[in-house]
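Chemist: this one's sequence-less:
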């Protein structure tokens, strides 16, 4: 795909519901090319999470998400958070 591999599909599937006293926002099917994120994860350098050796925090491995993905996700989430929370 040309351009931003982590572009947001418009419109994404967004639902906001109350569960008890809590607001829950479901976001599904929001990437134009989800395989681009899978490909990025396959090429990422995963390392143990901080604190894993001391058995604190998340016990698995992690890798940073691609910057373009986090920027697209932030652009999508910021107005949703402001409206719902």
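Modeler: Perfect, I can see it now. Because the structure is a prediction, the values reported are computed rather than measured.
Chemist: Go ahead and name everything in contact with the longest helix that the chain contains.
Modeler: Identified as the longest helix of the chain according to DSSP state H is helix 67-84. For helix 67-84, contacts defined as Cβ atoms under 8 Å, 6 or more residues apart in numbering pick out 4-8, 12, 14, 16, 23, 25, 27, 30-31, 37, 40. Where C-beta positions appear, they are placed from N, C-alpha and C, glycine not excepted.
Chemist: Please tell me how far residue 41 sits from residue 64.
Modeler: 11 Å (Cβ to Cβ, to the nearest Å).
Chemist: now residue 50
Modeler: Residue 50 is 13 Å from residue 64, where distance means Cβ to Cβ.
Chemist: ok, now residue 28?
Modeler: 24 Å.
Chemist: between those two, which one's more packed in?
Modeler: Taking other Cβ atoms under 10 Å, residue 28 and residue 64 do not tie; residue 64 has more neighbours (12 against 8).
Chemist: who touches the more buried one in this structure?
Modeler: Neighbours of residue 64 in contact, by Cβ under 8 Å, 6+ apart: residue 44.
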